[in-house]
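Asker: heads up, no residue letters with this:
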């Protein structure tokens, strides 16, 4: 059975309860991923840094199209830690391409330590951040 997270437990604060909130956030992501798998949905999990590195490597090797096709296939893509590390312009553009390709094809579950208003700084460009957020919310 999938447990519902209490809204107060999903907030990220910097008090003594932070470790618990983060652990519960990880538990919720993992639970959703496992439930999706159990229901027969193809699911993938990665960190934002890992995803950006994978996309950049594929771009540099001339295999970006192939990699994007693979990353569009899962019905659920779970991305952890957006905003933990800054993303350069190329990484932001590659991530935007992935989000655009996945648009209306599969769900993306994202965790971030940044508010949505701070995503312009995370991606180094407010226009790219707005395009990504538009696709994610559309």
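Answerer: Yep, it's here. Keep in mind that what you see is a predicted model, and the values were worked out from it rather than measured.
Asker: so what's the closest residue to residue 71 other than its chain neighbours up against?
Answerer: Counting by CB to CB, 6 or more residues apart in numbering, residue 71 lies nearest to residue 98, which is 5.7 Å off, once chain neighbours are set aside. No exception for glycine: its C-beta is placed from N, CA and C like everyone else's. Contact analysis of residue 98 by CB atoms under 8 Å, 6 or more residues apart in numbering lists 51, 55, 68, 71-72.
Asker: mind redoing it with 7 Å?
Answerer: 55, 68, 71 (CB atoms under 7 Å, 6 or more residues apart in numbering).
Asker: Please apply the same query to residue 86.
Answerer: Counting by CB under 7 Å, 6+ apart, residue 86 has contacts 122, 124.
Asker: returning to what we had before: find the helix or strand that the residue nearest to residue 71 is a member of.
Answerer: helix 89-102 (DSSP states H and E).
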